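# based on what follows, work out the 3D shape:
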Amino acid sequence: MRWIRFTAEGRTACGILEGDRIAEVAGDPFRGYEETPRRHDLSAVKIEVPVIPPTFYAAGLNYVEHVREGAAKRGEVPQIPTKPDMGYRAANALIAHGETVIIPADATEKVHYEGELVAVVGRKAKHLSEDEALSCLLGWTIGNDVSERTWQKSDRTFWRSKNTDTFKPMGPWIETDLDLDAAVTTVRLNGEVRTRFATNHMLFGVAKFISTMTRYLTLHPGDVIWMGTDGVSPDLKSGDVVDIEITGIGHLTNPFQREEA
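Below is the predicted model:
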């Protein structure tokens, strides 16, 4: 099943995507819903961010090649993490599929993408074992973790480098049925494949993260967990378009535009 959040006829609603048609519901998958007779063509609606999360989590350094390649670019010896490490991001940075990432006028040329699998929490969860962990999820979507790397080095909390408005595209919808082991993440820059990796080839899998997190904190319906990326990205410039495809979910596509000074 694919859950989509959309705007049509001046209203924002949730629905179930069936091919190219949306069956609108009253309510949402997190708090409950009822079917309605309303139907929409996908091409006739504006796709919105699939959920505005109560808490926005982001895994750090969760793919080996990403760690190694990043260290090589800095001329350092790679330090492979030995335990799951979780950070936080800001919901103000979220934008939907098709919306434009705005590069601030004073940003440097070191603006990068990161194609990420996103786990979407469907029910309240605390003290879950690894075997139980995935049972708390509603489904999966796609994220593009945009970063300004020069700011990332200087901003102690990443408040600007990671959380500037529009720096977190997410979507286009939530897929409830995903074969993680078969999924491949492909990132295209202006139509050219720049990165491709097995989505589930993580240092610490989704279940490990959720089990570790719920030992100390409570997950709530609508929370999202971005699971990190592999490889490295080139410097982005105004006019570039980044497309992230994850097998079984779809495409998240966003253009980049530099703000005028």
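# was I right about T195 contacting T185?
Yes. T195 lies in contact with T185 (CB atoms under 8 Å); the separation is 7.5 Å. For glycine as for every other residue, the C-beta is placed from the backbone atoms N, C-alpha and C.
# find the residues that touch each one of the two.
Jointly contacting T195 and T185 under the rule CB atoms under 8 Å, 6 or more residues apart in numbering are G115, T229, D230.
# remind me which residues of the protein are low pLDDT?
70-74 (pLDDT under 70).
# okay, now the domains of it?
Following automatic domain parsing, the chain resolves into domains at 1-48, 49-258.
# save these as TSV, and put in mean neighbour count too.
Formatted as TSV, the domains of the chain follow (neighbours: other CB atoms under 10 Å):
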stretch	mean neighbour count
domain 1-48	15
domain 49-258	18
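# residue ranges of the helices in this protein, please?
Assigned by DSSP state H, the helices in the chain fall at 64-74, 130-133, 149-154, 206-214.
# W173 is nearest to which of these?
W173 lies closest to helix 206-214 among the helices of the chain, at 18.6 Å (CB to CB).
# enumerate every residue touching the residue lying closest to H112 once chain neighbours are set aside.
Leaving aside its chain neighbours, H112 sits nearest to S233 (4.3 Å; criterion: CB to CB, 6 or more residues apart in numbering). By CB under 8 Å, 6+ apart, S233 lies in contact with H112, Y113, E114, V187, L189, R194, T195.
# my read is that the fourth one contacts T195, right?
Pointing back at V187 there. Yes. Using CB under 8 Å, V187 makes contact with T195 at a distance of 4.1 Å.
# need the overlap of contacts for the two.
In contact with both V187 and T195: G115, G231, S233, using CB under 8 Å, 6+ apart.
# now tabulate the residues you listed in TSV and tack on distance to N92.
As requested, the shared contacts of V187 and T195 are exported to TSV (distance: CB to CB, whole Å):
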residue	distance to N92
G115	21
G231	27
S233	23
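# sort out for me which of those are in strands.
G115 (DSSP state E).
# mind listing the strands for the stretch 101-250 of the chain?
101-103, 111-112, 115-121, 137-144, 147-148, 168-175, 184-189, 192-198, 224-226, 241-246, 250-258 (DSSP state E, counting those that start in this stretch).
# do you know which of the ones you listed lies nearest G205?
strand 115-121 (10.4 Å).
# quick check: closest non-adjacent residue to V121.
Using CB to CB, 6+ apart, the closest residue to V121 is D223 (4.2 Å).
# again with Q152
Closest to Q152 by CB to CB, 6+ apart is S161, at 3.8 Å.
# show me what stretch 208-219 is in contact with.
Residues contacting stretch 208-219 (CB under 8 Å, 6+ apart): 55, 57, 59, 83-84, 86, 119, 121, 124-130, 132-134, 136-137, 204, 225, 227.
# end to end, how far does that stretch reach?
End-to-end distance of stretch 208-219 (CA to CA, to the nearest Å): 14 Å.
# then stretch 157-164?
End-to-end distance (CA to CA), stretch 157-164: 12 Å.
# quick one: distance of it to the chain centre.
Chain-centre distance of stretch 157-164: 16 Å, with CA atoms, centre = their mean, to the nearest Å.
# and what of stretch 119-133?
18 Å.
# picking up where we left off before, between the strands of the stretch 101-250 of the chain, which gets nearest to T36?
strand 168-175 (18.0 Å).
# check contacts around the residue nearest to Q152.
S147, E148, R149, T150, W151, Q152, D155.
# now do 7 Å
Going by CB atoms under 7 Å, 6 or more residues apart in numbering, S161 touches S147, E148, W151, Q152, D155.
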